[in-house]
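>>> Provide a 3D model corresponding to the input given below.
(one chain, ligands or ions: 1)
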Amino acid sequence: MQVDVDVDAGGRYAFTPSLKWDPHVEAYFSHAYGASHFSRVSSALTRPSSYSSLRVNTLKTSTHLVHTKLLQLLRHQHQHPPLISQNPALPDVLYVWGTGPHHPSYHPHPRPAVPLKEVIVSRKCAEAVLRGAQIYVPGVMACSAHVEKGDKVAVSVAIEKPTHTGGWTLGITRGTVLHGTPSDIRYEDRHGLYIGEGVAFMSRTGIFRAKEGIAVEMTNRVYHLPSFNDVLEGEIFLQNLPSIVTARVLDPQPGEKILDMCAAPGGKTTAIAILMKDKGEVIALDRSHNKVMDILKLADEMEIKCIKAYKLDALKSVNTSITDENEVKSEEQSVIVDEECLDLTNLQKDEKGRYLSKAVMRKRMRQMRNGPGKNNSKGGKVANSKGFAPNSFDRVLLDAPCSALGLRPRLFAAEETVDSLRRHGTYQRRMFDRAVQLVRPGGVIVYSTCTINPGENEALVRYALDTYGFLTLAPQSPKIGGPGIVGSYRIDETHTEEWLKESEAELVQRFDPVSDMDTIGFFIAKFMVGMKREA
Ligand SMILES: C[S@@+](CC[C@H](N)C(=O)[O-])C[C@H]1O[C@@H](n2cnc3c(N)ncnc32)[C@H](O)[C@@H]1O
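Model prediction:
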């Protein structure tokens, strides 16, 4: 009989990650948070939250009913089912509690002195595994020789390292053989980066030959978070607590017209529509075709009718030349055409019988090809929009694309520099300008991000209030997060980034990964729009 043995000499098989930052970014964040608090934030980011929050689709069911169904399901699946709890401030939300960190014991090879069988996964794969996922084929980078289906394997993570040219790389050729000895690739680097033990679902050869599928099923994890794939589809949505709060802060009312400027995959869009009891109009934009498809799919699953999703660059969302602000330009019908299979040697004719040049033929094919191809587009119908007339929305949500430095668990952050963080800020200000144009006087704008970077949060609020005299910060309900950051930071001789004034700090919500709420890092600001004057 094989026994669990703690093979962990010297903490090699522990999980004790530490997040590396660009030194200038670290200095900037240490100034904003204080060095010791930032060090705790940095460490909290490497762990998943201790619970998953589920938002109930109250159009289809009730929180009580979902609670009962989940209890049954979890009791059926687990010997010690996870705890489920509720927050009185958020009646449509259930928390399902995970456990960890655990210290798995790894099974040694049956023959003494033969090293453990091991698998190294990519950093992104490991982050998903820490959130409860299994290991899929593309995530495996290296594997011991002779791993067979059913073998137990110790799973560690390879994290990016700097290249000579200033970039970052995992530095492992996919398919590398591991010997379990110090001569192995990244042997020292993986010390303290073991995320658990699993059972190989395929042999080593299968793992590197297959294109998809589960490669390793995790059986013994550092963190246990229940997975809700395909569970109560359409009735629940797995969503971070601050995102749930954001939709409530927007406070959409039935019958209103709402714009969600950066909407995919539709978590907040659907939350907004449910709060409106599916009455009114929620316009959801995203610039990616596939992501608009995701919004439509989610709305369909949840049986929500009031959402209209369009593929549109939010920077081009203001159209001063149209009066019918919902006018739709065209519908892209999915046609799957594989360019490589089309014979470009046979010249084709246009509608008037003229021969087309190869360049025109290629362009036409590209336009037709919505199936999986070079643009990776999913098949399906997505509407384009010409944009919307100024002042045409009661409320606008700008859940901006951002550096995402609040997302957890995160095992690598050093790719962001002070310059790249500033570029996010510039992009967000341009988007915010469009939000200001599109909302009606008397309306509301909510701005949110999932980053801990004050340059994308408090600095945006400073820009908004200093640029648009008709905007004021509005109190938020529910208020679960903490205050914003007050002060400024001198980035260089020519540029100082200004954050909030004392009187403004309590009006925004900052979700701190270190706080008792144990959430992702997140920021919400709510603006009331007065009578508009030119900025
Ligand atoms: C933070 S995510 C939005 C998450 C979403 N609000 C939710 O809660 O499910 C940001 C989204 O902005 C989209 N995006 C980025 N730039 C954009 C642009 N210029 N116009 C429209 N969408 C954009 C990205 O494709 C991404 O889906």
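>>> can you check the pLDDT for residue 134?
Each residue has a pLDDT score; the one for residue 134 is 95.
>>> in contact with it, which residues?
With contacts defined as C-beta atoms under 8 Å, 6 or more residues apart in numbering, residue 134 is in contact with 198, 214, 216, 217, 218. For the C-beta atoms, the positions are set from N, CA and C on the backbone; glycine is no exception.
>>> buried ones among those?
Among those, those buried by neighbour count (16 or more other C-beta atoms under 10 Å) are 198, 214, 216, 218.
>>> export those to JSON lines and tack on secondary structure?
Formatted as JSON lines, the entries for the buried ones among the contacts of residue 134 read as follows, by DSSP: H, G, I helix; E, B strand; the rest coil:
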{"residue": "198", "secondary structure": "strand"}
{"residue": "214", "secondary structure": "strand"}
{"residue": "216", "secondary structure": "strand"}
{"residue": "218", "secondary structure": "strand"}
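>>> contact residues of this protein facing the ligand?
Residues of the chain found near the ligand (C-beta under 6 Å from any ligand atom) are 243, 262-268, 285-288, 291, 313-315, 399, 401.
>>> which of those residues fall within helices?
Mapping the residues of the chain next to the ligand onto helices (DSSP state H) picks out 243, 267, 268, 291.
>>> what's downstream of the lowest-mean-pLDDT helix or strand in the chain, the next helix or strand?
With mean pLDDT, DSSP states H and E as the measure, the helix or strand of the chain carrying the lowest mean pLDDT is helix 358-368 (a mean of 48). Counting by DSSP states H and E, the next helix or strand C-terminal to helix 358-368 is strand 382-385.
>>> how far off centre is the biggest helix by length in the chain?
Longest helix in the chain, counting residues (DSSP H): helix 418-438. Centroid separation for helix 418-438 versus its chain: 19 Å, with C-alpha atoms, centre = their mean, to the nearest Å.
>>> so which bits of the following helix or strand past it are buried?
Using DSSP H and E, the helix or strand that follows helix 418-438 towards the C-terminus is strand 439-449. For strand 439-449, burial by neighbour count (16+ other C-beta under 10 Å) applies to 439, 440, 443, 444, 445, 446, 447, 448, 449.
>>> need the max-distance pair from these.
The span of the buried residues of strand 439-449, defined through C-beta to C-beta, is set by 440 and 449 at 24.1 Å.
>>> for beta bridges, what are the partners of residue 193?
Residue 193 forms beta bridges with residue 15, as assigned by DSSP bridges.
>>> and of the ones in helices among the residues of the chain next to the ligand, the nearest to residue 528?
Of all these, the one sitting nearest residue 528 is residue 268; the distance, using C-beta to C-beta, is 19.7 Å.
>>> burial of residue 104, as a residue count?
By the criterion of other C-beta atoms under 10 Å, residue 104 has 24 neighbours.
>>> which SS class is the residue nearest to it when sequence neighbours are not counted?
Setting aside the residues directly before and after it, residue 104 is nearest to residue 220 in space (C-beta to C-beta, 6 or more residues apart in numbering), at 4.1 Å. Secondary structure for residue 220, judged by three-state DSSP, is strand.
>>> contact partners for residue 220?
Contact criterion C-beta under 8 Å, 6+ apart gives 102, 104, 105, 196, 197, 198 as the residues in contact with residue 220.
>>> just put those in TSV and tack on pLDDT.
Converted to TSV, the contacts of residue 220 look like this (pLDDT from 0 to 100):
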residue	pLDDT
102	95
104	89
105	85
196	96
197	95
198	96
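>>> how about the residues you listed in JSON lines, adding secondary structure?
Listed next are these as JSON lines, based on three-state DSSP:
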{"residue": "102", "secondary structure": "coil"}
{"residue": "104", "secondary structure": "coil"}
{"residue": "105", "secondary structure": "coil"}
{"residue": "196", "secondary structure": "strand"}
{"residue": "197", "secondary structure": "strand"}
{"residue": "198", "secondary structure": "strand"}
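>>> now, among these, which is nearest to the ligand?
The shortest approach to the ligand among those belongs to residue 196, at 28.7 Å (C-beta to the nearest ligand atom).
>>> tell me which residues touch the nearest residue to that closest one once chain neighbours are set aside, please.
If you skip the residues right next to it in sequence, residue 196 has residue 221 as its closest partner in space, 4.1 Å away by C-beta to C-beta, 6+ apart. Residues in contact with residue 221, defined by C-beta under 8 Å, 6+ apart, are 100, 102, 104, 129, 130, 195, 196.
>>> residue of the stretch 101-250 of the chain with the smallest distance to the ligand?
When you check the stretch 101-250 of the chain against the ligand by C-beta to the nearest ligand atom, the closest residue turns out to be residue 243, at 5.3 Å.
>>> would you agree that residue is in contact with residue 268?
Yes. In this structure, residue 243 is within contact of residue 268 by C-beta atoms under 8 Å, at 5.9 Å.
>>> joint contacts of these two?
Between them, residue 243 and residue 268 share the contacting residues residue 399, judged by C-beta under 8 Å, 6+ apart.
>>> show me what contacts the residue of the stretch 101-250 of the chain closest to the ligand?
By C-beta under 8 Å, 6+ apart, residue 243 lies in contact with 267, 268, 271, 399, 448, 450, 522.
>>> am I right that the first one is in contact with residue 241?
What it means is residue 267. No. With contact defined as C-beta under 8 Å, residue 267 and residue 241 do not form a contacting pair (11.8 Å).
>>> of these two, which one has the most company?
Under the criterion of other C-beta under 10 Å, the comparison of residue 267 against residue 241 puts residue 241 first, with 24 against 21.
>>> residue contacts, that one?
Contacts of residue 241 were listed using C-beta under 8 Å, 6+ apart, and they are 53, 90, 93, 480, 511, 517, 519.
>>> in the stretch 401-535 of the chain, mark out all the strands, start to finish.
In chain order, the stretch 401-535 of the chain shows strands spanning 439-449, 471-473, 488-492, 495-498, 509-511, 522-529, with DSSP state E, counting those that start in this stretch as the criterion.
>>> now those in CSV, with mean pLDDT?
Rendered in CSV, the data for those read as follows (pLDDT from 0 to 100):
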stretch, mean pLDDT
strand 439-449, 98
strand 471-473, 98
strand 488-492, 94
strand 495-498, 96
strand 509-511, 98
strand 522-529, 98
